[in-house]
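Peer 1: one predicted model, sequence on top.
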Amino acid sequence: MGIDIGSVDLVCQLGTTRSIATLLQRVGRAEHKRGGLPKGRIFPLSRDELVECAALLRCARRGELDGLSIPEKPLDVLAQQIVAAASTEDWDENEFLELVRSTWPYRNLAREEFDDVVKMLSEGFSTKRGRRAALIHHDAVNHRIRGRRGARLTALTSGGAIPDNADYRVVLEPSETFVGTVNEDFAVESLAGDIFQLGNASWRILRINSGVVRVEDAKGQPPGIPFWLGEAPARTSEVSRAVSDLRVEIEKLLIDGQNPAERLAQEMQLPADAAEQIGEYFADTYRSLGAIPSQQILVMERFFDESGGMQLVLHAPFGSRINRAWGLALRKRFCRSFNFELQAAATDDAIVISLGTQHSFPLEEVFRYLNSKTVRDLLVQALLDAPMFTIRWRWNATRSLAVPRFRGGAKVAAPLQRMDSENLLAAVFPDQLACLEHIIGDREIPDHPLVKQTIDDCLTEAMDIDGLEEVLHKIERGHIRCIARDLPEPSPFASEILNARPYAFLDNAPLEERRTQAVYTRRASERNGNDGLGILDATGIDKVRREAWPVATNADELHDALMLLAVMTRDEVLRTVHHEDNGAGAEHLLDKLVADKRAAQLRVDDKKFWVCAERLPMLKTIYPGADLDPQLSAPESAQKQNWERSNAIREGLRGRMEVSGPVTAARLQDILSLSSSEIEAGLLGLESEGFVLRGKFQPGTTEQEWCDRRLLARIHRLTIDRLRAEIQPVPVQDFYRFLFVWQRVDVDHRVEGPDGLQSVLEQLDGCELPLAAWESAVLAARVADYDPEWLDRLCSSGRVGWGRLSVPQNPNARTIAPLRSSPIALYQRENIQDWLLLSRANSAMEFSVANQAVIDALQSGGALFFTELLRRTDKSVLPSQVEEALSQLAALGVVTSDSFDGLRALLVPSDKRPTFGRNIGKRRRKTNLASIEFAGRWSLLRTQIASQPSGNGAESSERDTAAAKFAGVLLRRYGVVFRRLLERESFPITWYELGRIYRRWEARGEIRGGYFVGGISGEQFALPEAIGLLRSIRKAAPKGQLITLSAADPLNLQGILTPGPRIAALTVNRILFRDGSPIAALEAGEIRKLADAGVWDLETERALRVGKLRPSLRPYYK
């Protein structure tokens, strides 16, 4: 941003800058004036960028800067300077060399290198069109150099060290105003009439000339977005080191069981949500890989993709310059080892190589594929085929003036410059463009200044060969810990490299053809990667073994099994033959094969094998002293092949591995009666062919196992399919069925007794419902034979309390809503302070004289029995007025009492209540109605009615604690939670707050995240036990069960989970469900069908209309 832009208030940086200096320079542009305070906001575009930006901020706060790297003796620039100097005057070459050496970049310039450049400039290049680019005269006798004709003009018009990027100029017609530039590829692929955006305006293309795109104003029409192709800037080594240090620190916190988010927010002053994301990202990765990759710990992971191939990801946060070099060298090594060109990509933090089905090798050996002493030569051969070489060759050719940028007073078009530089390369380095069929071994690098400079630029600018050699040297000396992990699916850290953009590719395959597109990734928190491949599904392994093993129903099929396995024990034959009487069936088929002279028994020491005639030559090579019973001859076609023992053992193992699944070498040795060395040699031979893979595949195994690659891929697919099926969403209908069981509404799952009631109240902790609905509809629907005395006992014991928690919408209205319809919550007393903190009490309430008198008495006297309350109130306030005041204050959420009995008494109309002061026992016997006297002590629900939130840090921490407690209660209430369920809750808490809590719990493995209920958008979280119940409900067939709920029930989610209008949450309204689907509602005495109710008979209507109410509750709720 130049100063011509004017004043900048705030810099918004999208993505990472990859260097400290760039960040400071860009943010420093804001308030760029005396006394100004620069301000900037960084918006990372991925989780890896978030980590990198955090490291950048810490570097900036510490006052760190990037190191400057000055190019060492660039020969192309030297050529340009020689031409420019020689075109102005004659020079003694020795004096000019000393002048050049006096500058820092050329302090180590060798005389031979200087002479080579002078020779190149004086002799030019021999092409089929003659000699060209000879720009100076060299007097070798007198050691003088002088410019040729035209050298000065070439130096003036084509000089400069900044290379041409071949962008097209965008020019507005008819004013010829320069608008900007676009990438050459974009310009070539565009057509006249296309509209694209450049700057803050849209432009319509009129025509495209050589190097110029002519446009007109599109007047705000919807534009397309132009693209630019090229190399992405690499992250500096200082930032890479900072990222690595941050990873190491977070790993230590995870090992110690601490929450990284808190430390990041405190020490680095990151926003809380950013710190949470980093903490969860690293926690997921640590669970998956068992370590956090850094510059001290390298982790390599391998996993199958959907095509049956494998992806190899090396996590190495050294920056893209080192990783690009490492990836190219590894790709070249794989090419030479397996004779296949592989797709590869490299970013600042990782390298990915896409393997085919024929690649099989021990993963840990990849760390030793490259050697610090030979990697430079290998990388030189690899980079010759990379686009970076041809690009830098063109840059060096133009900088050295071998390819002029201007000719005949006009600029040479970019395509012509490319052609000229390619012709020049063909003359200097023909092997680089030659057909590879005519090249044997490595291509010989010519001793030419421009070729050497181009290779050096690739090795030191585009890549960092010195850094790579240092890393490999540390690996060889054991200073860097290397971890190899075979996984059934990619780790979270692999997501960035698997979705890398084209600038990270190390080969020419386009984005749509990348094999990484075939990788399936689940939610990172669904993983448990601490056991490597041991987390493969044991059921899947057993299933693949059963399916792979041959099945024989006749003699020919048993013969095929003998051909495949080469040798079979009697137990294996019995396992193969499919017959009701297995033993008799097997004997019959074997007798038939023996009679036909197609099979016989082979006796090896004390073991007996069944073999077929076609395999005899191979088996006699493996078991030279074995006996046949009966004697058997091999067919003539089989006798023609001569077997070596090692090849015979390898082929014998091949067939067995095709049907065995994961198996140890010791097990094969025991079955085949061969030595361990022979078994190992045969398996290694199969591994080199890519036929088998080794690892620890079965859960709990400690020995190394071997498995056929095809079978292992099937096991991986079964594992992934099982995990996918586990999180397959259920329809809303099944979710309702789940909720009926989860909340004990289903008749077969109702609870009993006071303990059962307590468990229900724990689920409904803090849930506000109309008072009249609690006992008559909600508790009675969940507790078998509900007795109101159980609730009184829980309240009197101090375990449960009641009260209104939410703030009335209009607390100062002239009329107060009846207590019967007021929202009242039953809560666990230990949670009351948290619920009050979340409810935001209204401090502007105004009370009547009687109400205020009761409040004053409770504030001064604390918790009071009703009789004590009468004595403390003004004598002018009658007992009936105190009762009415308590009823109104309870409806407003101001007071509560020890027992629910007193609240129940306030539901009785005042004209039917027992007269206060009569003999209690006598009254109870006559009326059997609760009295206000049995409420126990009355107290203020909120101790400070006029308190206001202070907004300080302590209160914020308390609110976070309360929000976490509510998040847990919500999970216990519904089992599965998502945003829409908050519409049923009274607390003013956002899903943003809850989502952060749930994601943190998910990262710790306490809950599961996924997509559990179909048709519900957004994040979903569930308790592990709820997922198991949800699956069992989905598998259970519907039984036509009818369930009726009050519309005031918490499970009235009509209009929230299901389409259609909502049903007013009134106690008298009712909803009828059949197998989890709401089919009808009773509103204001009228039945409304909600869906196709199927058979609607008298029993169905009765289930909707008629409800049961215990006789003891009828005086209060009827």
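Peer 2: Looks like it came in fine. Residues are numbered from 1 along each chain as shown.
Peer 1: contacts, neighbours, all on C-alpha from now
Peer 2: OK.
Peer 1: just the strands in the stretch 351-500 of the chain please.
Peer 2: Along the stretch 351-500 of the chain, the segments classed as strands by DSSP state E, counting those that start in this stretch run 406-407, 410-411, 481-486.
Peer 1: nearest to residue 190, of these?
Peer 2: strand 410-411 (22.6 Å; Cα to Cα).
Peer 1: residues in a beta bridge with the spatially closest residue to residue 218 that is not a sequence neighbour, which ones?
Peer 2: In space, and not counting its chain neighbours, residue 218 is closest to residue 203: 4.7 Å by Cα to Cα, 6 or more residues apart in numbering. Beta-bridge pairing for residue 203 (DSSP bridges): residue 196, residue 217.
Peer 1: ranking the strands of the stretch 351-500 of the chain by burial, who's on top?
Peer 2: strand 481-486 (a mean of 19; mean count of other Cα atoms under 10 Å).
Peer 1: what about the residue nearest to residue 218, how many residues close to it?
Peer 2: Close neighbours of residue 203, defined as other Cα atoms under 10 Å, add up to 26.
Peer 1: now swap in residue 16 and tell me
Peer 2: 23.
Peer 1: relative to residue 782, how far out is it?
Peer 2: 55 Å (Cα to Cα, to the nearest Å).
Peer 1: before we move on, the earlier item: for the strands of the stretch 351-500 of the chain, which one sits closest to residue 62?
Peer 2: Minimum separation from residue 62 across the strands of the stretch 351-500 of the chain (Cα to Cα) falls at strand 481-486, 28.5 Å.
Peer 1: contacts for the closest one, please.
Peer 2: Strand 481-486 is contacted by residues 289, 296-303, 363-364, 367, 475, 532-533, 695 when judged by Cα atoms under 8 Å, 6 or more residues apart in numbering.
Peer 1: now that strand: average pLDDT?
Peer 2: For strand 481-486, the mean pLDDT works out to 91.
Peer 1: partners of that strand in the sheet?
Peer 2: Here strand 481-486 has these sheet partners by DSSP bridges: strand 297-304 (parallel).
Peer 1: ok now the strand it pairs with, how far from the chain's centre?
Peer 2: Distance of strand 297-304 from the chain centroid (Cα atoms, centre = their mean, to the nearest Å) equals 16 Å.
Peer 1: ok, stretch 18-35 next?
Peer 2: Distance, centroid of stretch 18-35 to centroid of chain: 33 Å (Cα atoms, centre = their mean).
Peer 1: for the record, mean pLDDT for that stretch?
Peer 2: 90.
Peer 1: first-to-last residue distance for it?
Peer 2: 28 Å.
Peer 1: buried set for it?
Peer 2: Neighbour counts over stretch 18-35 (16 or more other Cα atoms under 10 Å) mark 18-21, 23-24, 26-32 as buried.
Peer 1: tell me the contacts of the residue nearest to residue 12 when sequence neighbours are not counted?
Peer 2: Using Cα to Cα, 6+ apart and skipping residues adjacent in sequence, the residue nearest residue 12 is residue 41, 4.8 Å away. Contacts for residue 41 (Cα under 8 Å, 6+ apart) come out as 10, 11, 12, 13.
Peer 1: the first one contacts residue 28, correct?
Peer 2: No: assessed by Cα atoms under 8 Å, residue 10 is found out of contact with residue 28, at 9.6 Å.
Peer 1: circling back to that earlier point, now that we have the contacts of strand 481-486, which one has the most neighbours?
Peer 2: Of all these, the most densely surrounded is residue 289 (26 neighbours; neighbours counted as other Cα under 10 Å).
Peer 1: could you redo the strands of the stretch 351-500 of the chain as TSV and give each row distance to residue 595?
Peer 2: Output for these, formatted as TSV (distance: least, Cα to Cα, whole Å):
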stretch	distance to residue 595
strand 406-407	91
strand 410-411	90
strand 481-486	49
